[in-house]
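S.K.: Need a 3D model of the following:
(2 chains)
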There are 2 protein chains.
Amino acid sequence: MGKTTTRDLLLEAGQRTFWEKGYSNAGIEAILNTTGVPKGSFYHYFGSKQDFGLEVLDRFDHDYRARLDSILGDETRSPLERLRHYFETVCERLESRQCREGCLIGNLGQEMADHSEAFRSRLEKIFAGWVDRYAECLAECQRRGEMENTLDARELAEFWLNSWQGALLRAKTMRSSAPLKTFLNVMFGCVARART
Amino acid sequence: MGKTTTRDLLLEAGQRTFWEKGYSNAGIEAILNTTGVPKGSFYHYFGSKQDFGLEVLDRFDHDYRARLDSILGDETRSPLERLRHYFETVCERLESRQCREGCLIGNLGQEMADHSEAFRSRLEKIFAGWVDRYAECLAECQRRGEMENTLDARELAEFWLNSWQGALLRAKTMRSSAPLKTFLNVMFGCVARART
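M.R.: Reported below is the predicted structural model:
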């Protein structure tokens, strides 16, 4: 129990630091300082900064998938309403942070994809998992006739994730949620319109 | 003339280095080494690394806008064909680089927006300029009936740029042009479909 707590404390501090500063600029020393964990203890849990970074990603993905499943699996709403609710929730969270920070996975993808095959493949696996979850919900929208089915649900899910990542990047650069609102307008008003 | 050349040499090397490594990890020392320019000369042209970085952005934007104008202003094609030609051209260029590197402005937006107001506002100005140029072309598509006009051309242009940035990020993370192809399929097959 004690061990789990120290480990979790480090992973939590790592996630916060990577989100704020990126991976390269995050110092293990600073993470140790904020947590009060001694250096030897860090290397007891993690072989290297890279191992630590990859575990931060796994932990983030695990927690994030639970949130995604809970919103996209909420059967009190129609699948299209769940999808809209999900993106509106993220939008509100970002607005509460003045649209800083963006998405941890998108940030690290941009930073690390060209520089570390270990990070690139882990980040891509996480993105692909999110696409699977979107595709499931989009296919359900199509089955229920809430959405046109001219596009394959999987292709639409890929487009959805990627476009959302772009909207998050622009929101950060613009420091405004306008790109997220534009995303919602176009996706729900045009791409994902009801079957007519 | 000699002065212009040294300055351009430095800006060119800076652009290449920022594209490969990002801004924080780019050392002025390394840029001087690749160009053979002495340190004193660098500080004759640029007050600081930040001034240098902002000038790299301005130069990139100037060159990029010329390319954008030449493709989107090509009156031998219809406006919708110009738009498609532009994105296909970028797609080919990225494929020739195994989808590494992405977009310089998107990369630096992701890296710098939260850390430097000078960079954030300059990058946003560049993005906004690109949106203006897309909007002009999209409005022409709508006027000529090549595209539905249910969406405002400006809003569509914003969505277009942001979604493309997301596709570029994902292409880098996936190391595949599939996200760019998906972008083209959805944008031209669904969002920008002809007026019916």
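
S.K.: any weak-confidence spans in chain A?
M.R.: Within chain A, the segments meeting pLDDT under 70 span A:1-4, A:193-196.

S.K.: The top helix by length along it: how far from the chain's middle?
M.R.: Longest helix of chain A, by residue count under DSSP state H: helix A:117-143. On the basis of C-alpha atoms, centre = their mean, to the nearest Å, the separation between the geometric centre of helix A:117-143 and that of its chain is 11 Å.

S.K.: So that helix, near chain B or not?
M.R.: Yes. Under the criterion of C-beta under 8 Å from any C-beta of the partner chain, helix A:117-143 makes contact with chain B via A:120, A:123-124, A:127. Bear in mind the C-beta positions are built from the backbone N, C-alpha and C, glycine included.

S.K.: so who does the closest residue to chain B within chain A touch?
M.R.: At 2.6 Å from chain B, residue A:166 is the closest residue in chain A, using C-beta to the nearest C-beta. For residue A:166, the contacting residues are A:179, B:161-169, taking C-beta atoms under 8 Å, 6 or more residues apart in numbering or on different chains as the criterion.

S.K.: can you give me the helices in chain A?
M.R.: Counting by DSSP H, the helices of chain A are A:2-21, A:28-35, A:39-45, A:49-72, A:79-95, A:104-112, A:117-143, A:153-174, A:178-186.

S.K.: Need the winner for burial among the ones you listed.
M.R.: The highest mean neighbour count among the helices of chain A, using mean count of other C-beta atoms under 10 Å in any protein chain shown, belongs to helix A:153-174: a mean of 26.

S.K.: how many neighbours does the nearest residue in space to residue A:111 that is not next to it in sequence have?
M.R.: On the basis of C-beta to C-beta, 6 or more residues apart in numbering or on different chains, the spatially nearest residue to residue A:111 that is not a chain neighbour turns out to be residue A:22, at 5.1 Å. By other C-beta atoms under 10 Å in any protein chain shown, 21 other residues sit near residue A:22.

S.K.: Pull the contacting residues for residue A:22.
M.R.: Here residue A:22 is in contact with A:107-108, A:111, B:24, B:111 (C-beta under 8 Å, 6+ apart).

S.K.: if I read this right, residue A:34 contacts residue A:13, doesn't it?
M.R.: Yes. At 5.4 Å, residue A:34 and residue A:13 qualify as touching, with contact defined as C-beta atoms under 8 Å.

S.K.: For residue A:11, see how far away the nearest residue to residue A:46 once chain neighbours are set aside is.
M.R.: With sequence-adjacent residues excluded and distances taken as C-beta to C-beta, 6+ apart, residue A:46 is closest to residue A:52, at 4.0 Å. Counting by C-beta to C-beta, to the nearest Å, the separation of residue A:52 from residue A:11 is 8 Å.

S.K.: what does residue A:115 give?
M.R.: Here residue A:115 is placed at a distance of 22 Å from residue A:11 (C-beta to C-beta).

S.K.: got it, and residue A:87?
M.R.: Here residue A:87 is placed at a distance of 27 Å from residue A:11 (C-beta to C-beta).

S.K.: Residue A:77 too?
M.R.: From residue A:77 across to residue A:11, the span is 32 Å (C-beta to C-beta).

S.K.: And residue A:125, by the same measure?
M.R.: Residue A:125 is 18 Å from residue A:11, where distance means C-beta to C-beta.

S.K.: With residue A:68 instead?
M.R.: With distances defined as C-beta to C-beta, the gap from residue A:68 to residue A:11 amounts to 19 Å.

S.K.: and if you look at residue A:58?
M.R.: 9 Å.

S.K.: What sits closest to residue A:89 if chain neighbours are left out?
M.R.: In space, residue A:89 is closest to residue A:71, 6.7 Å off (C-beta to C-beta, 6+ apart).

S.K.: what's the answer for residue A:18, then?
M.R.: Distances taken as C-beta to C-beta, 6+ apart put residue A:26 closest to residue A:18, at 5.5 Å, once the chain neighbours are dropped.

S.K.: wait, that neighbour sits on residue A:19?
M.R.: No. Checked against C-beta under 8 Å, the pair residue A:26 and residue A:19 is beyond contact range at 9.4 Å.

S.K.: Once you drop chain neighbours, what's closest to residue A:80?
M.R.: In space, residue A:80 is closest to residue A:146, 4.2 Å off (C-beta to C-beta, 6+ apart).

S.K.: now do residue A:154
M.R.: Per C-beta to C-beta, 6+ apart, closest to residue A:154 is residue A:135, 4.8 Å.

S.K.: My guess is that neighbour contacts residue A:159. True?
M.R.: No. Counting by C-beta under 8 Å, residue A:135 stays clear of residue A:159, with 10.7 Å between them.

S.K.: what's the burial count for the nearest residue to residue A:141 once chain neighbours are set aside?
M.R.: Closest residue in space to residue A:141, ignoring its immediate chain neighbours: residue A:147 at 4.0 Å, by C-beta to C-beta, 6+ apart. A count of nearby residues for residue A:147, using other C-beta under 10 Å, gives 24.
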